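> kindly generate the corresponding structure for this input.
(one chain, ligands or ions: 2)
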Amino acid sequence: MANLTEIFSAAKTITKGMGITFGEMLQPALTEAYPDGPAQLQERYRGTHVLKRDENGLEKCVACFLCAAACPSDCIYIEAAENSDKLRISGGERYAKVYNIDYNRCIFCGYCVEACPTDAITHGHAFENASYDTSTLIYRKEKMLEAPAAGQAGLAYDSQAGPSAGH
Ligand code: SF4
Ligand code: SF4
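Numbers count the residues shown, from 1 in each chain. Ligands and ions are numbered 1, 2, ... in the order given. Model (predicted):
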């Protein structure tokens, strides 16, 4: 009797498994055309970082260094500077004069994004970072900072030359 029960149980399991197989065979094939077509990324994909601006076009980063402290790869380098009445870059007291991420070391863990108190840093969807020259994998703020929206007075930034007129 025990053998009959085992046989029925095995037959039931096989039938269930084959049902899934045949069901999948009737579904349309999902084929990624990348790199000939765009890659299909999930909304929460963690790609190259983006440094965000607020609704006034000011940089959200206030140079608090919490992202650098949270980074397990020690790949974020920040130099802070004070905002002034003449030159305001961020909404806080300080702004990041230099903000570099070394993508030779970044493991895209997202800890920096979680640590940021102002939502200044997030992951974008860019991912084609491969390079034969590792020095090009140190991304500077200029490369990651989002452009001001139309009508915003945000400043373009060059950490060598300083801020320049908005976009
Ligand atoms: S994603 Fe992770 S490893 Fe990369 S910069 Fe952020 S905290 Fe560091
Ligand atoms: S990105 Fe966020 S956590 Fe990092 S220094 Fe700027 S404000 Fe602080």
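
> give the buried residues for the longest helix anywhere in the chain.
The longest helix of the chain (DSSP state H) is helix 2-25. By 16 or more other CB atoms under 10 Å, helix 2-25 has no buried positions at all. C-beta: built from backbone N, CA, C; applies to glycine.

> from the contact counts, what lies against the helix or strand following it?
Sequence order places strand 49-51 as the next helix or strand after helix 2-25, per DSSP states H and E. Using 3 or more CB pairs under 8 Å, 6 or more residues apart in numbering; DSSP states H and E, the elements in contact with strand 49-51 are strand 121-123, helix 141-144.

> output the below-cut-off pLDDT ranges for this protein.
Counting by pLDDT under 70, the ranges of the chain that qualify are 1-2, 153-167.

> is it correct that N100 falls within a strand?
Yes. Counting by DSSP: H, G, I helix; E, B strand; the rest coil, N100 is part of a strand.

> run through the bridge partners of it.
Taking DSSP bridges, one obtains Y77 as the residues bridged to N100.

> that one is in contact with I138, isn't it?
Yes. Using CB atoms under 8 Å, N100 makes contact with I138 at a distance of 5.6 Å.

> of these two, which one has the most company?
Neighbours of N100 and I138, each counted by other CB atoms under 10 Å, are more numerous for N100; the result is 18 against 15.

> and the gap between that one and T15?
As for N100, its distance to T15 is 58 Å (criterion: CB to CB, to the nearest Å).

> quick one, what contacts the most centrally placed residue in the chain?
Centroid check for the chain by CA atoms, centre = their mean gives H123 as the closest residue, at 1.5 Å. By CB atoms under 8 Å, 6 or more residues apart in numbering, the contact set of H123 is 45-50, 108, 110, 113.

> and those residues, which of them are buried?
By 16+ other CB under 10 Å, the contacts of H123 give 46-50, 113 as buried.

> stretch 133-141 vs ligand 1: in contact?
No. Judged by CB under 6 Å from any ligand atom, stretch 133-141 stays clear of ligand 1, getting no closer than 10.0 Å.

> now do the same end-to-end measure for that stretch.
19 Å (CA to CA, to the nearest Å).

> same thing with stretch 39-46?
Using CA to CA, the two ends of stretch 39-46 sit 14 Å apart.

> so what's A39 up against?
Counting by CB under 8 Å, 6+ apart, A39 makes contact with 32, 127.

> would you mind listing what in this protein touches ligand 2?
Residues of the chain found near ligand 2 (CB under 6 Å from any ligand atom) are 61-67, 78, 96, 115-116, 118, 120-121.
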